[in-house]
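A.B. asks: here is a sequence with its predicted model. Questions after.
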Protein chains: 4
Amino acid sequence: MPLSLQQVAEHNNSKSCWVIIKNKVYDVTDFLPDHPGGAKIILKYAGRDATSAYEPIHPPDALDKNLPPEKHLGELDNDSLVELQVARGNRKKTADEERMERAQATKPSISKILSLYEMEDVAKSLLSNKAWAYYSSATDEEIARVENARAFSRFFFNARVMRPVGNCDPSTRILGFKSSIPVFVSGAALAKLGHPLGEANIAQGAGMCNIIQMVSSNASLSYAQIAEARVNPSQPLFFQLYKHKDDKVAEQRVREVERLGYNAIFLTVDAIVPGNRERDVRAGWEQEEVEQVAGEGEGKSKADLPRQRDDMKELESSIDIKGTAGALIVNDDVNMTWKKTIPWLRSVTKLPICVKGVQCVEDALLAAEAGCDGILLSNHGGRQLDYSMPPLEILYKLRKHHPEVFTKTEVYLDGGVRRGTDVLKALCLGATAVGMGRPFLYAQSAYGAAGVVKAIRILEREIVMGMQLIGARSVHDLVPEMVERVDWQPVTARL
Amino acid sequence: MPLSLQQVAEHNNSKSCWVIIKNKVYDVTDFLPDHPGGAKIILKYAGRDATSAYEPIHPPDALDKNLPPEKHLGELDNDSLVELQVARGNRKKTADEERMERAQATKPSISKILSLYEMEDVAKSLLSNKAWAYYSSATDEEIARVENARAFSRFFFNARVMRPVGNCDPSTRILGFKSSIPVFVSGAALAKLGHPLGEANIAQGAGMCNIIQMVSSNASLSYAQIAEARVNPSQPLFFQLYKHKDDKVAEQRVREVERLGYNAIFLTVDAIVPGNRERDVRAGWEQEEVEQVAGEGEGKSKADLPRQRDDMKELESSIDIKGTAGALIVNDDVNMTWKKTIPWLRSVTKLPICVKGVQCVEDALLAAEAGCDGILLSNHGGRQLDYSMPPLEILYKLRKHHPEVFTKTEVYLDGGVRRGTDVLKALCLGATAVGMGRPFLYAQSAYGAAGVVKAIRILEREIVMGMQLIGARSVHDLVPEMVERVDWQPVTARL
Amino acid sequence: MPLSLQQVAEHNNSKSCWVIIKNKVYDVTDFLPDHPGGAKIILKYAGRDATSAYEPIHPPDALDKNLPPEKHLGELDNDSLVELQVARGNRKKTADEERMERAQATKPSISKILSLYEMEDVAKSLLSNKAWAYYSSATDEEIARVENARAFSRFFFNARVMRPVGNCDPSTRILGFKSSIPVFVSGAALAKLGHPLGEANIAQGAGMCNIIQMVSSNASLSYAQIAEARVNPSQPLFFQLYKHKDDKVAEQRVREVERLGYNAIFLTVDAIVPGNRERDVRAGWEQEEVEQVAGEGEGKSKADLPRQRDDMKELESSIDIKGTAGALIVNDDVNMTWKKTIPWLRSVTKLPICVKGVQCVEDALLAAEAGCDGILLSNHGGRQLDYSMPPLEILYKLRKHHPEVFTKTEVYLDGGVRRGTDVLKALCLGATAVGMGRPFLYAQSAYGAAGVVKAIRILEREIVMGMQLIGARSVHDLVPEMVERVDWQPVTARL
Amino acid sequence: MPLSLQQVAEHNNSKSCWVIIKNKVYDVTDFLPDHPGGAKIILKYAGRDATSAYEPIHPPDALDKNLPPEKHLGELDNDSLVELQVARGNRKKTADEERMERAQATKPSISKILSLYEMEDVAKSLLSNKAWAYYSSATDEEIARVENARAFSRFFFNARVMRPVGNCDPSTRILGFKSSIPVFVSGAALAKLGHPLGEANIAQGAGMCNIIQMVSSNASLSYAQIAEARVNPSQPLFFQLYKHKDDKVAEQRVREVERLGYNAIFLTVDAIVPGNRERDVRAGWEQEEVEQVAGEGEGKSKADLPRQRDDMKELESSIDIKGTAGALIVNDDVNMTWKKTIPWLRSVTKLPICVKGVQCVEDALLAAEAGCDGILLSNHGGRQLDYSMPPLEILYKLRKHHPEVFTKTEVYLDGGVRRGTDVLKALCLGATAVGMGRPFLYAQSAYGAAGVVKAIRILEREIVMGMQLIGARSVHDLVPEMVERVDWQPVTARL
């Protein structure tokens, strides 16, 4: 039996908490303590429509997976549906929404995008402050994020001339899977924050251009939906596993994606606790403030009220500072070890196993010793530990002091890659391929699947041009002698 | 018998100099030559109320300690009290005071403070120009201050993954005293400049969070008051000793704090003469100018007067350039030696003895040899000698070339620490704990004791997060291999 | 028989495409697929006057060389000539043209130009956006362009005093040809973009001052015209060869310039595929946009139209991103080798052979081994491969580790040279001479041949002053010990 | 017989050229070809009053020395004197003069000057553009000037604590002469440009504070006047010799200063030809332009005139680009050698001989070998050869690799010294004293002799403070171990 807005509105507290999501009503009272993002954020919407907050950051199967069927209370009645729609229509747009609309109206033609930097500029103009903050922010002072990119600027080419490079082929194989260029989409959560089709845009664009997508455990579409978005069933997909602290739950997740046809597991090891992404946290607060102010009427502004505070008491009132990121990994395993976790993973899946988030040479050696099929040198795009060594520097040292590792396992890196020359530097230093996360989020935010295709084409053009100009006809021609770490700090491109 | 303003006003010169402080009248004529800040500053208030100038920079027991009882002339009469109050009410606020009031009215909620940088921003907005200049300034071009912080940015982490860090404990022991995090409050003078409760705020906040406060000889509360502000009698306190040139006077001070229950002596060795803090000096001048202009009436502005100067003569008219800092240490011992001073100190106290202000490896070795219980690598926050080597660089060299020192004595550093990662870098390099001075002055200036608590909680959160992300479950897991001094200059956070 | 505008206008498509160039009509229908810049750009002018787009970037003999005589359809009739002239007069000037006119009116006297930097400033103010973008732009983030210049700033002089330098002679010989200073004009295309007399300005100025010009394969005057512009027939000229993929065509070009009296061949090896010069590409688009808008009438602006795009479709509509540069080298040989190409070139000419574009020590060794008469260390002014090692760094390493190369062959460099001291640093490190490209393009853009003379005089003055101040009376006195690579990064001049 | 303005005005060309200087008339016709600054600048004033241009840059005895008595034609008559005065009074002030007047009116009290940087700020505000450009400019891009100062920032202190520094004595001996601090005034020309009393200000201030002044050959007062300005006859003076190309003339100059009681000769070896000081040249042009415009009447502005130029012709019209500096050294010896010049100088004087302008370690060794009494490491404040190695870097290498040199001869440096810590760094590295040029020009420009006294007092305060804080009681305690060259580039103070 359809429910009315009035009925829902009565269940507006922690004793009985109903919410509306996409015109359906759910009783989430019992779920409150288990919500990874905390009860507080749900209670903000108790007795009300929560769709706009819920949708961009939850995969559609989240409700089915987490709420027993009897808590799915049913649909809203027709009058309520109309009322809700009218309310949405009447709502005054925030300044941020107005900015976004203007940006959408003057968005440049995709054919005029020349580089991934320009793609990012467009995305920044189109995204909500909150989405931009979530995508672009990093931990603490964001030094690690910036230095990841700056590391590339310290490596120059010893370009070779007078080599036949007429038929230049930039393709390679990653864990045995063909890739048109030595680049894959690195796992990154919540693509729907930037575009309603979210991760499906990436699946489609990657498939059209024959590169491989790594899907995050925290994707905003279900793993099945993303698999279905592929161009064809043989399009490979990698899975970025955030391991649940309960091995059973983790196993279930691995088996699910294996069943869905995913082709490799990238175990995330650098994000067992949330990083300190202050811009992300602050963007959340700003949004709440805007919403509160909007709800307060016009008569009295906050500035009129005299401030009489008890700082010590305010201090005690708990405030969420985990940001969007914190909620996603609240149940992750903080006690993994090489000895225990890799064998366990081998025992539950036949898929190739890679570790994502190796941040020093020593751990790369341990990963190889543990029999991993691939090692992704990464500091999570600088989002976790500030002053984590830039992946390119680790790759450089690994190649120099332990060249044998590259014969035992594949090595990748991500973080700071923006140009074809960046990709080539990593390959010269031994990487099989490089991952890119944010650039693909920006590309799909700006132009959907077409943006993803465009980003890959830009990279392909830059990679082929670069290969020809340094004298390489295939990825096998890219050798350490072709790059040199310089002892000065070059001017750097955009940081 | 109560005195009148008129009576006081007659004693307005160096022959007979009375001043009013907190509604009481004092005859300071005989004290003029002994005033560490010079006679001139007192004579400015001869025959008048000096409370506002006196209070923030003197401990309450200063008058009792320095003036014999017969110079305490008594209270003002009632009419005078009223007149004084009216005069204060009528006084036009300065531009600086108006700015401070506006800042107070729009101060952010303490719960919204995410980092020590933000705490500093709030404090800067709230503080008088003079207080801000005293707290934040450093010597000469302030290179040492800036480079102290910049040194941290050259150390990156070799973070370790796949280690069990579920139960991460950031606590440690300093000189045997338990501390919830490896951080203590480094000695810093004149907390009352920033907040009326001054050093008591810090004692209270530190006690609530179980960290240790080092109290400056130049505190603006009496050592007893600070001891009384502790959360409980077992809360440890350290004492930062500025040694008087007269051993007897110095001994008296040491015995006083020992009696009051202080737990260690940190002998200051890097501030035997005042540094050249130009911003501090200039802020004092600006304040005087504002006061003078206010007193001059409105008829004629200074700009109207033709300038006819004799530069050579003006040059001779003595001008105080010692700033706030200079006055505080005018009687300090400039002839200390390892051979003489440490044994003397051992002879007057049973407390642990540390030296504060070691600025090179060689002196660290001498300090250890002299049997000091702790060595605080410090250049006084860059306030004394410009281009003094950053403490972190000294720690790095000490750890590398003289690891045995760390087994003989505890080593600390202060200067430039702002983030949990900074703390961890120092600990990896062998420090037992790090001191922080300015951040706690800012925290208590902004939010009183609650600010101090907040600052410690921020640090604790950042330290625990950092430990988990570099693979350490306790401070004992923090080892030199986890940090690496890089050979490029990273971009730096706020300087 | 003269043709009318109406007649021409009928041939406005790819089936039949006529264009007017300098009042003559040409049928270019059959030539469309062979046009190096693509058919699209020609079709924009199909049935119309194409002179303004054609002239600055094509040598005058381009039509004769590429179109058979029967496609030269004849002249316009008189009425059409008048109509065309009137139309040109009525055309509203663009904002860019108005800016250029203002700059021309306030151009400083040539006698007030003190440095090549100032010459560049004048040129920038006078040039169209498009010309400026073509001349000044470089590949990707333009790091290589900037670092070429910055490399010079890392080399300081160990200047020698007390040496007799009264008669200082800066002259030298390059490939046996006398040069008044150790500088030559490096090959650079399309001088007419900056000045109607184009490369002839350079030939004249170089001849007047006795330095040598290297003429680009892509000059905007014919090789014969440039040869004729020489001050006298013995004035040497070098030829920068872009080798056509067809050896026969390439041979023809070499034989032509040999016949015309050119004195050496510089084989270009660093530009076999076009670089990614985004500013150049974008400047082209902006110009098109201006022209389109001008043609659209005033009634409706683009902003009024609702945007309804299919990004994926727009993506597919091919867009030219090669820029001006790409078109010039579309037929170049991408399969050259040391073994094959140098012997081939030897077989078709008796002239000295140099390679232009060597970018690492290894290739310099191979070039010397291949018997080249000269090696031009160059990365094409940073226009091809970003992060290509700065030529000065390569020279430094080559001189340090392979001093014998300098006895076998002459070594030059270009890229980033702007001051006499830059020239001297290169000579101290073993270079016979240095090439300069952009500075001469700017000089002739600003003041024609006089600008070229002025630029050379500035250089001569700076070189002589520098030689005297470092203690050298002739180029033979310039030795490696006189320069030192410093281990810090000095502040840098304009980048 | 007194002359009239009308009579003078008739001699307004190169055939007969009279000028008025300080109300006297001179016939300079025959002198025109010998004027070091060229005939052109004199002819600008032919038949007119030249006082304002002449005075600041010529010593008063210049006319006596260069013009035979019969060319001193006599005084102006009374009417002419009045007319001249009226004309001066009527002359409209230039914008630059008005700015200077405003600055003079709001000049801060000398007692408020805290550092040499602030002294420079005041001087900059008071000086004419031309004087500022002459004093502050350097050669080419001014990199050498900036890097001189920046070099100091790379040296940090290993400060020593716990040393008795109660009686700190900063005095030293230079060539046997007592100096209150280890600083001398380095030779710098044309002090009258900044203050009417010019070099006499410096003599007086230096004498009052017991430091030593080095007087330039190109002083704007006569050597005798400067000697007379001394505080007492035993005040030492050094002489900076620009050696004339004619040994006889040079000998005459040396003998003159020896006779006047000067105490040492500093032979300038780094300025045998003028540097390329573009700001200086440009400032001269701007002044001429202002004067021309002022003379042109108001009817027509230059902008109204159509520009029709022949660049090639304008190029040929000779333009003076030597600037103020060039004129001063036009007759200097460009063929000096160690073998010839030092023995010659020894043969004409008994005074100690030092070389000023040594720019590399090798020449320092040669200077010591040649028996010089002192070596002044200097690149002329960066005014001559750009990218000349910073003197501090040379000192560092000299001390490290050739410590024996410091036992044979005294070593000094100048260039970039602004703080007491800079002085101490040089002394730790072996310098006997450091020279400072521009800072004293600025000090006397701002406040005359009092400014010089103030500058020395600031330095003394900073030096004593620094010595005490690094643990030195006398200059003998300053040793190499106290400074350390760091391997990063610190932030730098004002450049």
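C.D. replies: Yep, it's here.
A.B. asks: so A:Tyr442, which of the three states?
C.D. replies: Put simply, A:Tyr442 is helix when judged by DSSP: H, G, I helix; E, B strand; the rest coil.
A.B. asks: distance of it from chain D?
C.D. replies: Distance from A:Tyr442 to chain D, counting by C-beta to the nearest C-beta, to the nearest Å: 33 Å. Quick note: C-beta positions are derived from backbone N, CA and C, even for glycine.
A.B. asks: just give the closest residue to that residue, not the sequence neighbours.
C.D. replies: Excluding its sequence neighbours, the residue lying closest to A:Tyr442 (C-beta to C-beta, 6 or more residues apart in numbering or on different chains) is A:Ala123, at 3.6 Å.
A.B. asks: am I right that the one you found is in contact with A:Phe440?
C.D. replies: No. Between A:Ala123 and A:Phe440 there is no contact under C-beta atoms under 8 Å: 10.4 Å.
A.B. asks: neighbour-wise, which of these two wins?
C.D. replies: For the pair A:Ala123 and A:Phe440, the greater number of neighbours falls to A:Phe440 (29 against 26), based on other C-beta atoms under 10 Å in any protein chain shown.
A.B. asks: name whatever forms a beta bridge with the closest residue to that one other than its chain neighbours.
C.D. replies: Of all residues not flanking A:Phe440 in the chain, A:Val185 sits nearest, at 4.9 Å (C-beta to C-beta, 6+ apart). A:Val185 has these beta-bridge partners by DSSP bridges: A:Gln213, A:Met436.
A.B. asks: the residue nearest to A:Tyr442: what's it in contact with?
C.D. replies: A:Trp132, A:Tyr135, A:Gly194, A:Leu441, A:Tyr442, A:Ala443, A:Ser445, A:Ala446 (C-beta atoms under 8 Å, 6 or more residues apart in numbering or on different chains).
A.B. asks: for those, which single residue is the most surrounded?
C.D. replies: A:Ala443 (33 neighbours).
A.B. asks: do you know how far the residue nearest to A:Tyr442 is from B:Cys372?
C.D. replies: A:Ala123 sits 57 Å away from B:Cys372, going by C-beta to C-beta, to the nearest Å.
A.B. asks: residues contacting the residue of the stretch 201-350 of chain A found nearest chain D?
C.D. replies: In the stretch 201-350 of chain A, the residue that lies nearest chain D is A:Glu278 (24.5 Å; C-beta to the nearest C-beta). Residues counted as contacts of A:Glu278 (C-beta under 8 Å, 6+ apart) are A:Ser137, A:Asp140, B:Leu114, B:Ser115.
A.B. asks: again with A:Asn13
C.D. replies: Per C-beta under 8 Å, 6+ apart, neighbours of A:Asn13: A:Leu43, A:Ala46, A:Gly47.
A.B. asks: what does the last one show for phi and psi?
C.D. replies: The reference is to A:Gly47. phi 80, psi 10 (degrees, to the nearest 10).
A.B. asks: that one contacts A:Ser14, doesn't it?
C.D. replies: No. Judged on C-beta under 8 Å, A:Gly47 makes no contact with A:Ser14 at a distance of 11.4 Å.
A.B. asks: more crowded one of these two?
C.D. replies: Of the pair A:Gly47 and A:Ser14, A:Gly47 is the one with more neighbours under other C-beta under 10 Å, namely 20 against 13.
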